[in-house]
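# The amino acid sequence is not available; the structure is as follows:
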């Protein structure tokens with residue numbers, strides 16, 4: 001077997017971020033909560049006395065088993081700034097029916113808007129609406145719609 005399994009977000013407050021993704025982007029609980037610790041986890045992470053709590057959420061539009069958004073918190077974390085042009089994973093993208101409505105829901109749930117909401121038309125005639133925003137912990141998300 002070869003398939004994409006999950007994307008992990010390390011949260012300052014995993015419960016708050018889990019609630020955010022459920023309310024704003026319709027991610028669903030699938031009963032996979034975690035409270036992990038032990039020598040095996042220390043070896044895996046390279047962190048002494050590592051302790052992880054969190055949950056896997058099913059992404060909207062997929063079956064209950066995969067892919068998931070894995071939202072965890074460690075007892076001890078390193079906080080660095082997040083910017084769109086930083087090397088590495090830049091953002092999560094969600095395709096929605098109404099970008100403006102989803103943006104408002106995101107803002108009402110503690111998120112923030114990064115750039116302007118833009119509407120554009122590609123050479124092949126496809127039209128798109130895009131906006132970059134951040135979840136309630138500053139992780140960058142792209143909200144998009146196509147017609």
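Sure thing, it's come through. Worth saying up front: this structure is predicted, and the values here are computed from it rather than measured.
# Could you work out the end-to-end span of stretch 14-33 for me?
11 Å (Cα to Cα, to the nearest Å).
# If you count contacts, what does the top strand by length along the chain end up packed against?
Longest strand in the chain by number of residues, with DSSP state E as the criterion: strand 28-37. Strand 28-37 is packed against strand 51-58, strand 68-74, with contacts defined by 3 or more Cβ pairs under 8 Å, 6 or more residues apart in numbering; DSSP states H and E. The C-beta positions use only the backbone N, C-alpha and C, and glycine is treated the same way.
# Now for the residue nearest the centre of the chain: which residues touch it?
What sits nearest the mean C-alpha location of the chain, by Cα atoms, centre = their mean, is residue 92, with 5.6 Å. Applying Cβ atoms under 8 Å, 6 or more residues apart in numbering, we find residue 92 in contact with 7, 69, 139-142.
# same thing but 7 Å
7, 141 (Cβ atoms under 7 Å, 6 or more residues apart in numbering).
# mind giving me TSV with the helices and strands packed on strand 28-37 and columns for distance to residue 27 and mean neighbour count?
Output for those, formatted as TSV (distance: least, Cβ to Cβ, whole Å; neighbours: other Cβ atoms under 10 Å):
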stretch	distance to residue 27	mean neighbour count
strand 51-58	4	20
strand 68-74	6	21
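# With mean pLDDT as extra columns, can I get those in TSV?
Putting the helices and strands packed on strand 28-37 into TSV (pLDDT from 0 to 100) gives the following:
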stretch	mean pLDDT
strand 51-58	95
strand 68-74	93
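# Tell me where this structure is predicted with low confidence.
1-2, 79-87 (pLDDT under 70).
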